[in-house]
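**Student:** can you look at this prediction? I've put the sequence above it.
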Amino acid sequence: MAVKIDNRLMRRLWLDVNGLLTSQDTKLDIMEIINKLGFVQLDTIQNISRAHHHIIWSRHSDYREHMLDDLIGKEEGVFEHFTHDASILPMEFYPMWRRNFDRFKVRIEKSSYHNPQNVKDWKDTLIERISAEGSLSTKDFESKITGKKEAWARPPHKRVLDYLWYTGVLTTSHRVKFTKFYDLAERIIPKTHMENLLSERKQVDWLCEAALKRLTIATAKEIKEFWDAKDIKEVHDWIERNSDKLVQVEWETANGNWMSAYAFKDIEEKITQLPDVSPEIRIINPFDPAVRNRTRLENIFGFEYRLEVFVPEAKRKWGYYVYPILEGDNFIGRIEAKADRKKKCLNVNNFWLEPGQKLKVKQKKKLETELRNLAKLAELESVNWV
């Protein structure tokens, strides 16, 4: 018989596995945060603080931006690759990620992005220079786009660097002001991980198990999409082979419907160990693992959210870069805020509460405290409500 989980409990389980249920009362451990989440998405937009910094900071306000950069390429640190998007992952996951390099090789070589002539012209040059000179960025090479210039077009040397990075020949050695530097993978990835060669089956098993642990309750599709490093047939095969470790779950959505999913057999024990809900208000990044699956977010919390960065201004419902606001186990609203680095000020441009919500004096104080702390992360000195 399926385990029944009501909506309030589902909210708590989801926030707990994402490190957002309780107050921050322990010593900062960045690797523990990243490992618990499974990955942290990278993003170029520096609206206040870039997504990867904001995501870690939301789990512990002692975090500062330079701390993550110090972990890239370290044996007990992180490496960069693609999950559902560009992300940082714990270095210990590297042996389970090898199949993804092969998958990307096949995917890229079948796509219009791949140009065999570019690879032929640039591959040896890029590898030889990096071998001889050490880590280099795209700025250390020069080539030009030929033919029609289209959106997101990249010159040949950048395409081949991408190809070598996606396929695991090169890896990120470090970043300078978010500019990525490439080096040979064998010079950056610790030998213990480079030489740990696991079978396809073991990699798939780990990817499925690790995904479900970080989702707590999930459908096969959600397990597949967590890393996007396996296909749905592989997930169904894993479920079938591990049926003795799993239970069927029926969980209640925010609108009162019930959904079927899977969980590990210790789900009821996990429920008994759930901590109390924190009363804090948190400003959540749009790329945060807790909200990045918008359908799951709406099903669990009844909170409809879309990032409108790429939506033309006239068609935006809310604004360019709008952050969800979490209080306890409920998303109570959203806020549009942006850093003015010249004035060292965090400007709040708009603020909306969800239907039925009212901001009490105590809540307003908690929100203002969160804004001041977020400003500190971005090295801003004040908060200004425009």
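**Tutor:** Everything's here; your move.

**Student:** and the helices in the stretch 101-250 of the chain, which stretches?
**Tutor:** Per DSSP state H, counting those that start in this stretch, the stretch 101-250 of the chain carries helices over the ranges 116-133, 156-166, 185-188, 191-194, 200-215, 220-227, 232-241.

**Student:** could you list the buried residues of the first one?
**Tutor:** If I follow you right, that is helix 116-133. By 16 or more other C-beta atoms under 10 Å, the buried positions in helix 116-133 come out as 118-119, 122, 126-127, 130. Using the backbone N, CA and C atoms, a C-beta is placed for each residue, glycine as well.

**Student:** adding distance to residue 338, write those residues out as JSON lines.
**Tutor:** JSON lines is the format used below for the buried residues of helix 116-133 (distance: C-beta to C-beta, whole Å):
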{"residue": "118", "distance to residue 338": "38"}
{"residue": "119", "distance to residue 338": "40"}
{"residue": "122", "distance to residue 338": "38"}
{"residue": "126", "distance to residue 338": "37"}
{"residue": "127", "distance to residue 338": "41"}
{"residue": "130", "distance to residue 338": "37"}
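
**Student:** can you lay out those as CSV showing pLDDT and distance to residue 321?
**Tutor:** Formatted as CSV, the buried residues of helix 116-133 follow (pLDDT from 0 to 100; distance: C-beta to C-beta, whole Å):
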residue, pLDDT, distance to residue 321
118, 92, 34
119, 93, 36
122, 95, 35
126, 97, 34
127, 97, 38
130, 98, 35
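
**Student:** tell me which of the helices of the stretch 101-250 of the chain sits nearest to residue 78.
**Tutor:** helix 185-188 (11.0 Å; C-beta to C-beta).

**Student:** pull the residues that contact that closest one.
**Tutor:** If you take C-beta atoms under 8 Å, 6 or more residues apart in numbering as the criterion, helix 185-188 is touched by 73, 79, 168-173, 194.

**Student:** same check on stretch 257-268?
**Tutor:** Outside stretch 257-268, the residues that touch it by C-beta under 8 Å, 6+ apart are 2-3, 5, 212-213, 216-220, 222-223, 239, 245-253, 299.

**Student:** quick revisit: closest one of the buried residues of helix 116-133 to residue 66?
**Tutor:** For the buried residues of helix 116-133, the nearest to residue 66 is residue 130 (25.1 Å; C-beta to C-beta).

**Student:** which residue sits closest to that closest one, ignoring its sequence neighbours?
**Tutor:** residue 136 (5.4 Å; C-beta to C-beta, 6 or more residues apart in numbering).

**Student:** cool, and residue 138?
**Tutor:** Once flanking residues are discounted, residue 138 sits nearest to residue 158: 5.2 Å by C-beta to C-beta, 6+ apart.

**Student:** state the pLDDT value of the one you found.
**Tutor:** Looking at residue 158, its pLDDT stands at 94.

**Student:** and the gap between it and residue 113?
**Tutor:** Between residue 158 and residue 113 the distance is 11 Å, computed by C-beta to C-beta, to the nearest Å.

**Student:** cool, residue 75 as well?
**Tutor:** 33 Å.

**Student:** out of these two, which sits in the busier spot?
**Tutor:** residue 113 (14 against 11; other C-beta atoms under 10 Å).

**Student:** which residues sit in contact with the more buried one?
**Tutor:** 159, 162.

**Student:** what do you get for the one 10 residues further on?
**Tutor:** Residue 123 is in contact with 160, 163-164, counting by C-beta under 8 Å, 6+ apart.

**Student:** how about 6 Å then?
**Tutor:** Taking C-beta atoms under 6 Å, 6 or more residues apart in numbering, we find residue 123 in contact with residue 160.

**Student:** ok, back up a step: and of the buried residues of helix 116-133, the nearest to residue 208?
**Tutor:** Of those, the one sitting nearest to residue 208 (C-beta to C-beta) turns out to be residue 119, at 32.6 Å.

**Student:** can you give me the distance of the residue nearest to residue 16 when sequence neighbours are not counted to residue 8?
**Tutor:** Nearest residue to residue 16, sequence neighbours excluded (C-beta to C-beta, 6+ apart): residue 274, at 5.8 Å. Distance, residue 274 to residue 8, by C-beta to C-beta: 11 Å.
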